[in-house]
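> have a look at this prediction, sequence included:
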Amino acid sequence: MTQEQSPLSPEMYFVALAVAAIAAVPGFGLAAKALALILFLILHANWPMAQALWVYRHIPTARTPLPFVGNLFDIFGSRGDLHLKYREWQKEHGPVFKVFLGLSPAIVACELDLCREITLRRAQCFNIRPTPGPKGQAALSKEQQHQNQTGIFNTQNVRLWKGLRSNANSIFHSADHLASFSPLMKETALELADKLSKVPEGKPVDIWRCFGDMTLDVVGSTVFGVRFRSVESEEGAEAVKACRTIFKHNLLSPLVNPYVQIASLVPGFLVPAVVWCAERWPTAAMRELKWAGDILRRVTVEVYDYAAGEVQGEGERAAEKEEESASAPAGEKDGKGDGTKPKLEFLGTSFLKSFIEATNRDTGDKLTKEEVLPQAFIFLLAGYETTANTLGSTIYSLTQNKACEQKLIDEIDTLRKKQQDPDDLPGYAELKEYHYLNGVLQEVLRLSGPAPLFARRCSKTVDLAWQGGRVGTVHEGTAVHIASHCLHTSPKYWPDPERFQPERFVPGSEIYDLQNRKAHMAFGQGPRMCVAADFALTEAKLALITLYRRFRFDHNPDHEMKTAIAVTLGPTNGIEVLVRSRA
Ligand code: HEM
């Protein structure tokens, strides 16, 4: 079953025929015919939902869906806590149920073996992610459509994804590359520690914001070969502001861009009218997202042009150009006179360069600029908030579990003494000895990781079953949600699941063997799993070692910690802490 009908489908003719038939029925008044017509149009618009309710009738529906909107009110009534809603519905309906995101169904899986079936054993049938259908896509900006078509995260073109993914794997899964990234990560972590050391004792600091600046700097320097200098600058780079703007909005919410929902509902011939309205009267969120998208796209184009220049042996010329631009008076730097161009400092090496040099390993073709740019955009976004949220949640969790904070400090101090140069930070290989630190991060990711669920779209109709149950036939086009937070907090896999216990992940601890660590899916699972999991963990470990060597943290008693899912699960009002020097 496809998510939507194509705008060019014979649907239009069918509707016209039905309308003509209703109008021609003899013996009924105008009012009766108008009523019949309205009923017919409502039924027609909601046909995909009616069809899905029938086809998946054996799968319980979380809540009775409303016409047009499905369960969107149930879902967005939960203020972004979709993962908590799923937990509630799992208790009511069992390990599999369905919800309607508008007219389209999503099957929600909350059972470990079923999630492994979808993401591993049947990965060939679930190898893409859901995106709005063709009518909904039309209501997105041209840039967003291009991003969805060619970006590694959302592309529906499996061949393109395979090529992009194998290039990304060769960087992010190489110990040598990861080791080469760590000096830049260390440098940025040290800058953050220096910044914190200047904060007067007792003055609350939003540590989550600080981590946001840091992670953007790390992605900038490692992935793009650019220094954004967001940690050092007071205001933070413009790119940080743009990233924050994007992550502020719940992109799943129909309120952000209601035109996508409307375009999906109307017959194909009305879609251009909806697109026209979307361009004329964008919502405030659409305007903000456009501003942020334009900034980030400009950054990525600038970085691409520099890196491409280097690849072609024109690095010096590009650097000179950059120098000229840097010495030009503010407002003239980008030649547009608006003075808004981010001040970029190029480092010369970058992951982006290898993408520019690469060929699509599947097709053998060289990647074009149009194919590389969306990847740069995604890596910038993916590398920013996920790791910042994880680090922020770690500091917060340790302020609430002081015995764990002490154990972590003990491990950091003990391993520091073993180092040849105790002032240096551990290298990539030495990080493997930090078992407790690893346990802390895994436990934070289990309980409050930034991605408490992830999604797949069925690309090939399949009969789905798992040890102990059967979902039945899942049709092509249907979305499937892996409710990882349900797995992460189930007593079936984690004894005393709500308790913060890093020892669950520390080999040799008393509780290590009692956990089912296969049920830990904070980075997703299978071929579409996060490509940069090791990168993110290395960055987080170096930051935590740097900070806990010098400080302890207390939660500001006047600050209330609140979280919600926007793009990722994170704090809604920052994480305020008091920084205590250990000296
Ligand atoms: C703690 C930090 C992070 C977490 C928890 C995280 C989590 C995730 C999750 C859950 C997915 C979806 C996996 C799936 O569908 O099976 C994902 C995908 C992805 N992540 Fe991360 N991520 C993190 C950091 C990063 C960083 C730092 C980068 C890049 C520098 C990154 C780049 C990506 C990309 C490119 C994908 C799409 C992979 C594909 O579809 O082939 N992530 N991540």
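It's in. Numbers count the residues shown, from 1 in each chain.

> what does this structure have sitting close to the ligand?
Taking C-beta under 6 Å from any ligand atom, the part of the chain that reaches the ligand is made up of 152-153, 165, 219, 223, 378-379, 382-383, 386-387, 390, 449-451, 454, 522-525, 528-532, 535-536. From N, CA and C alone the C-beta is placed, and that goes for glycine too.

> nearest to the ligand: which residue in the protein?
Closest contact between the chain and the ligand, by C-beta to the nearest ligand atom, is at G524 (2.1 Å).

> can you tell me the SS state at that residue?
coil (DSSP: H, G, I helix; E, B strand; the rest coil).

> what's the neighbour count on it?
The number of residues packed near G524 is 19, by other C-beta atoms under 10 Å.

> now stretch 346-366: average pLDDT?
The pLDDT scores in stretch 346-366 average 74.

> list the contacts of that stretch.
With contact meaning C-beta atoms under 8 Å, 6 or more residues apart in numbering, stretch 346-366 is reached by 159-160, 162-164, 166-167, 170-171, 177, 184, 221-227, 303-304, 306-308, 310-311, 315, 318-319, 322, 367, 371-372, 375-376, 379.

> buried ones in the lengthiest helix in the chain?
Ranked by residue count and defined by DSSP state H, the top helix of the chain is helix 369-400. Burial within helix 369-400, assessed by neighbour count using 16 or more other C-beta atoms under 10 Å, is assigned to 371-399.

> that helix: what's the following helix or strand?
Downstream of helix 369-400, the first helix or strand assigned by DSSP states H and E is helix 402-418.

> picking up where we left off before, which of the contacts of stretch 346-366 fall in strands?
Mapping these onto strands (DSSP state E) picks out V226, R227.

> which among the contacts of stretch 346-366 count as buried?
Buried among the contacts of stretch 346-366 by 16+ other C-beta under 10 Å: 160, 162-164, 167, 171, 177, 184, 221-227, 303-304, 306-308, 310, 315, 318, 322, 367, 371-372, 375-376, 379.

> now this structure, which segments are flagged as low pLDDT?
The chain contains residues with pLDDT under 70 at 1-12, 78-80, 233-237, 252, 311, 313-344, 348-350, 361-362.

> change it to 50
For the chain, residues meeting the criterion pLDDT under 50 lie at 1-8, 235-236, 315, 317-318, 325-342.

> strands of that one, start to end?
96-101, 104-109, 205-206, 226-227, 345-346, 454-457, 462-466, 469-474, 479-482, 551-555, 563-565, 569-571, 576-581.

> name the helices or strands packed onto the first one?
To tie it back to what came earlier, the one meant is strand 96-101. helix 47-55, helix 72-76, helix 82-93, strand 104-109 (3 or more C-beta pairs under 8 Å, 6 or more residues apart in numbering; DSSP states H and E).

> so can I have CSV of these showing distance to N257?
Below are those laid out as CSV (distance: least, C-beta to C-beta, whole Å):
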stretch, distance to N257
helix 47-55, 20
helix 72-76, 13
helix 82-93, 18
strand 104-109, 16
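
> picking up where we left off before, from the buried ones among the contacts of stretch 346-366, which land in helices?
The helices, defined by DSSP H, take in 160, 162-164, 167, 171, 177, 184, 303-304, 306-308, 310, 315, 318, 322, 371-372, 375-376, 379 from these.

> the spatially closest residue to C110 that is not a sequence neighbour: neighbouring residues, count only.
Once flanking residues are discounted, C110 sits nearest to C486: 3.9 Å by C-beta to C-beta, 6 or more residues apart in numbering. The tally of other residues near C486 (other C-beta under 10 Å) stands at 27.

> K85 is in contact with C486, correct?
No: contact criterion C-beta atoms under 8 Å: C486 and K85 do not qualify, at 10.5 Å.

> which one is P282 nearest to, not counting chain neighbours?
Leaving out its chain neighbours, the residue that sits closest to P282 by C-beta to C-beta, 6+ apart is K290, at 7.2 Å.

> how much space between that neighbour and E279?
11 Å (C-beta to C-beta, to the nearest Å).

> repeat that for T473.
Distance, T473 to E279, using C-beta to C-beta: 40 Å.

> more neighbours: which of the two?
Taking neighbours as other C-beta under 10 Å, T473 and E279 compare with T473 leading, 15 against 12.

> which residues does that one contact?
Residues near T473 by C-beta under 8 Å, 6+ apart: T461, V462, D463, L464.

> got it, and P497?
P497 neighbours (C-beta under 8 Å, 6+ apart): H488, T489, S490, P491.

> mind listing what Q515 touches?
Counting by C-beta under 8 Å, 6+ apart, Q515 has contacts Y493, W494, P495, R504, F505.

> for it, phi and psi?
Taking degrees, to the nearest 10, you get phi -100, psi 150 for the backbone angles of Q515.

> any idea how far it lies from L425?
Taken as C-beta to C-beta, the span from Q515 to L425 is 30 Å.

> is it correct that P426 is in contact with Y434?
Yes: using C-beta under 8 Å, P426 is in contact with Y434, at 7.4 Å.

> before we move on, back to that, so can I have a markdown table of the strands of the chain showing distance to R63?
Below are these laid out as a markdown table (distance: least, C-beta to C-beta, whole Å):
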| stretch | distance to R63 |
| --- | --- |
| strand 96-101 | 8 |
| strand 104-109 | 12 |
| strand 205-206 | 37 |
| strand 226-227 | 47 |
| strand 345-346 | 52 |
| strand 454-457 | 19 |
| strand 462-466 | 23 |
| strand 469-474 | 19 |
| strand 479-482 | 15 |
| strand 551-555 | 36 |
| strand 563-565 | 18 |
| strand 569-571 | 22 |
| strand 576-581 | 36 |
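
> of the ones you listed, which is nearest K33?
strand 96-101 (30.4 Å; C-beta to C-beta).

> residues contacting the closest residue to R446 other than its chain neighbours?
Spatial nearest neighbour of R446, chain neighbours left out: H488 (4.6 Å); criterion: C-beta to C-beta, 6+ apart. For H488, the contact set (C-beta under 8 Å, 6+ apart) comprises R446, L447, G449, P452, W494, P497, A519, H520, M521, A522.

> residues contacting the second one?
What it means is L447. Taking C-beta under 8 Å, 6+ apart, one finds S397, H488, T489, E498, F500 in contact with L447.
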